[in-house]
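[1] Prediction below, plus the sequence it came from.
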Amino acid sequence: MNTNVVGVYETENGVKIETNKETFFTKKVIVTIPPLIATLISFSPELPPEVNETMNKTHTWMSNAIKVGLTFKTPFWRAKNFSGMLIGQVGAVTELYDHNDAQNSHFALMGFVNEGLRDVSIENRKQRILDYLSKYLGAEALDYLTYEEKDWSQDKHTSCETIKSIYMSPSYGNPVFSKSYMGGKLRFSGAETSTIHGGYMDGAIYSGINTVKKFLG
């Protein structure tokens, strides 16, 4: 809990990992945090210049996003023949999706909040979101069980002080992330390094599986 890696150093028999609390030793290591955030880690020997340059230029998919999620007793939108999907760039919620579980035992709506609401109070933002949902889905949206929001720009493991909004999908899967470093002891993996579905969970899974295969191959 609250342990941050500050240094990754090659040793004769493996890799030494220093954190803000203790030191670990391992044979190999996979860095899975966003490449831009990984630039805060000290590597020895230093990574090639082209790797550092690419890491600094790789946009973190969720770094500027605000997400909101609400749970309900019933999927009231389905009773109205609504999909639960809302898409728009001027409202309080820019994207909203039906997030019921596969067993249809838990009912939820989840989406992305307009970044312009980052500058208002939490109470004001919540009210605008609820007003927006009730306008397009019905007053039942106000009868929620739980309300949660997450501003990823405030998460130090996802974002940094230099966040910026990108409305065109950034290019992911740079070839430098498919190579190994520190004599084959260090590899990168994660959503932003994936050659397919970059930025998405599918990309993270694809990248993880392929990285492990390369280590075991």
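    Cool, got the structure. Numbering: from 1, shown residues only.

[2] helix or strand for the residue nearest the centre of the chain, which one?
    Nearest residue to the geometric centre of the chain (CA atoms, centre = their mean): Met62, 4.5 Å. For Met62, there is no helix or strand it lies in under DSSP states H and E.

[3] and the closest residue to Asn104 other than its chain neighbours, how many residues sit next to it?
    Nearest non-adjacent residue to Asn104, counting by CB to CB, 6 or more residues apart in numbering: Pro75, 7.8 Å away. Just so you know, the C-beta spots here come from the backbone N, C-alpha and C atoms, and that holds for glycine as well. Using other CB atoms under 10 Å, Pro75 is surrounded by 18 other residues.

[4] how long is stretch 94-114 end to end?
    End-to-end distance for stretch 94-114: 6 Å, by CA to CA, to the nearest Å.

[5] contacts for that stretch?
    65-75, 77-78, 83-93, 125, 129, 133, 137, 141, 149 (CB atoms under 8 Å, 6 or more residues apart in numbering).

[6] ok, now with 6 Å
    Residues outside stretch 94-114 that contact it (CB atoms under 6 Å, 6 or more residues apart in numbering) are 65-72, 75, 84-87, 92-93.

[7] same deal with stretch 48-58?
    Contacts for stretch 48-58 (CB under 6 Å, 6+ apart): Pro35, Leu36, Thr39, Asn174, Val176, Glu192.

[8] before we move on, the earlier item: contacting residues for the residue nearest to the centre of the chain?
    Applying CB under 6 Å, 6+ apart, we find Met62 in contact with Trp152, Thr158.

[9] List phi and psi for it.
    When read as degrees, to the nearest 10, the backbone of Met62 gives phi -100, psi 10.

[10] quick one on the thing from earlier: what about burial for the contacts of stretch 48-58, which qualify?
    By the neighbour-count criterion of 16 or more other CB atoms under 10 Å, the contacts of stretch 48-58 include these buried positions: Pro35, Leu36, Thr39, Asn174, Val176, Glu192.

[11] Just want to check the distance between the residue lying farthest from the centre of the chain and Lys185.
    Using CA atoms, centre = their mean, the residue of the chain lying farthest from its centre is Glu12. It sits 34.2 Å away. Glu12 sits 11 Å away from Lys185, taking CB to CB, to the nearest Å as the criterion.
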